[in-house]
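> sequence plus predicted model, see below.
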Amino acid sequence: MAYEPDKWAKRAKEEGYLARSAYKLLALDREFHVFRRGDLVLDLGSAPGSWVQVALKKIGERGFVIGVDLEPAKVGTSVNFAFLRKDIYDADLESELKKIIKKPFDAVLSDVAPNTTGQKDVDQWRSHELTLRVFGIVKNELKKNGTAVVKVFEGPDTPEIILLFKESFKRVSMVKPEASIKGSKEVYIVAKGFKSIFT
Ligand SMILES: C[S@@+](CC[C@H](N)C(=O)[O-])C[C@H]1O[C@@H](n2cnc3c(N)ncnc32)[C@H](O)[C@@H]1O
């Protein structure tokens with residue numbers, strides 16, 4: 001079948017998801033079992049909120065999701081969702097998270113993407129910087145044996161990022177889900193079995 005650029009966006013609209021990105025996370029969850037019922041999930045770069053919608057469905061009523069983004073969330077807050085409108089570089093981000101949930105997270109997700117300039121090397125460098133920051137948050141916030149799903153723009157710095165994840169997780173995969181725009185540099189690192197020094 002020929003590639004239809006609007007297929008996923010159309011489907012998202014029909015199925016009530018806020019963005020086509022939902023299908024990337026659904027595919028990753030089918031393959032890697034990212035979520036379990038009752039999980040605590042941190043979603044970085046969460047706006048408008050299709051990953052939050054997916055996570056909430058998967059974790060059920062005993063779970064909890066915190067979303068973080070510069071932009072407002074389009075998912076309303078509820079008993080098991082809280083949103084922080086913040087920059088992931090904000091120095092008080094992690095203390096603000098602790099005010100909501102004191103325990104480490106079962107999964108940390110990041111779909112954070114820089115504003116693209118169209119200049120491939122600049123975009124890749126910005127994405128690399130964001131990923132390093134995300135990795136720092138993952139290391140502080142994830143529970144032992146937890147899972148991280150992190151978007152990166154593939155480029156010359158990607159092997160360094162993969163190495164960092166491999167040092168800290170038992171299994172690391174790099175995946176391009178079907179719903180990801182073909183030809184884009186976007187790929188997802190799925191890292192399972194976090195080797196935390198904490199429990
Ligand atoms: C591709 S969108 C995320 C889509 C989201 N996963 C969903 O399913 O609705 C990337 C998001 O990263 C956010 N972002 C980029 N840089 C950020 C930063 N420094 N701090 C927080 N959010 C950031 C953007 O505002 C944008 O909403």
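Structure received. Numbering: from 1, shown residues only.
> so the closest residue in space to F35 that isn't next to it in sequence is in which element?
Nearest residue to F35, sequence neighbours excluded (CB to CB, 6 or more residues apart in numbering): K58, at 3.6 Å. Where you see a C-beta, it was placed from the backbone N, CA and C, and this is true even at glycine. Counting by DSSP states H and E, the element that carries K58 is helix 50-59.
> re the thing from before, what sits against the residue nearest to F35?
Residues near K58 by CB atoms under 8 Å, 6 or more residues apart in numbering: D29, V34, F35, R37, D39.
> top helix in the protein by residue count?
Counting residues, the longest helix found in the chain (DSSP state H) is helix 120-141.
> in that one, which residues are buried?
Residues of helix 120-141 classed as buried: 123-128, 130-131, 133-135, 137-138, 141 (neighbour count, 16 or more other CB atoms under 10 Å).
> ok, of those residues, which one's closest to V175?
T131 (15.3 Å; CB to CB).
> I189 bridge partners, please.
Beta bridges link I189 to V150, M174 when assigned by DSSP bridges.
> so which bits of the protein are right by the ligand?
Within the chain, the residues that sit near the ligand (CB under 6 Å from any ligand atom) are 18-19, 21, 45-51, 68-71, 87-89, 111-113.
> among the contacts of K58, name the ones in helices.
Going by DSSP H, the helices hold D29 from these.
> and the helices in the protein?
Under DSSP H, the chain gives helices at 7-15, 22-32, 50-59, 93-100, 120-141, 158-168.
> okay, those helices in a markdown table with mean pLDDT next?
Putting the helices of the chain into a markdown table (pLDDT from 0 to 100) gives the following:
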| stretch | mean pLDDT |
| --- | --- |
| helix 7-15 | 92 |
| helix 22-32 | 97 |
| helix 50-59 | 98 |
| helix 93-100 | 97 |
| helix 120-141 | 92 |
| helix 158-168 | 95 |
